[in-house]
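Colleague: Sequence isn't available, so here's the structure alone:
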């Protein structure tokens with residue numbers, strides 16, 4: 001051991017002498033009855049738009065029409081538990097290969113939670129969201145988020161999520177940059193993210 005290292009470690013021991021290291025206080029779980037205030041929903045809309053995603057607000061009665069208007073030309077796939085009807089969509093039964101999914105233009109899913117502070121959507125791949133592959137391979141992802149699913153920040157979202165489930169965190173369309181800061185979209189997931197935020201009529 002070098003003299004310098006010995007001296008540094010001796011100073012650290014001296015500084016810590018007589019101090020009792022107390023464990024951090026455990027975080028008190030939040031009482032979360034998911035109720036999104038207008039300000040939280042507005043912040044979510046703003047942050048999602050910051051990521052170059054398309055974001056719209058609509059009533060439940062308008063949802064099917066908004067989805068139809070957002071769909072690009074080509075085939076669309078939906079998870080088996082989607083609560084809204086998408087005409088002519090392929091219902092994913094888990095047998096579509098990556099190559100078959102790559103030929104599909106869009107996917108429509110619901111979400112588990114939206115995070116206002118970060119503009120993030122979290123999927124836990126329940127039946128209304130489907131398996132992870134269908135939300136990552138098609139070029140367009142249309143995601144339905146209810147207002148009562150939007151929480152203020154990440155700790156609020158964590159409290160609602162089951163860590164045993166697969167989780168996909170989505171902050172805008174897929175994008176990456178090389179060393180020259182040239183932005184490339186669609187490398188790691190959908191090139192287009194269209195978020196429809198629904199509210200009760």
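Modeller: Done, it's in. Bear in mind that the values here come from a model prediction, so they are computed numbers and not experimental data. Numbering: from 1, shown residues only.
Colleague: which ones are touching residue 100?
Modeller: By Cβ atoms under 8 Å, 6 or more residues apart in numbering, the contact list for residue 100 is empty. Every C-beta, even on glycine, is put in place using the N, C-alpha and C of the backbone.
Colleague: Can you give me the distance of it to residue 192?
Modeller: 20 Å (Cβ to Cβ, to the nearest Å).
Colleague: and stretch 129-143, average pLDDT?
Modeller: Averaging pLDDT along stretch 129-143 yields 94.
Colleague: Let me fix that, I meant to ask about stretch 44-61.
Modeller: According to the model, stretch 44-61 has a mean pLDDT of 93.
Colleague: Between the two ends of it, how far is it?
Modeller: With Cα to Cα, to the nearest Å as the measure, stretch 44-61 spans 22 Å from end to end.
Colleague: hmm, which helix or strand of the protein has the shakiest average pLDDT?
Modeller: Least confident helix or strand of the chain, by mean pLDDT, DSSP states H and E, is strand 183-185 with a mean of 47.
Colleague: going on from that one, what's the next piece of helix or strand?
Modeller: Downstream of strand 183-185, the next assigned helix or strand under DSSP states H and E is strand 192-199.
Colleague: ok now that following strand, how far from the chain's centre?
Modeller: The gap between where strand 192-199 is centred and where its chain is centred comes out at 12 Å by Cα atoms, centre = their mean, to the nearest Å.
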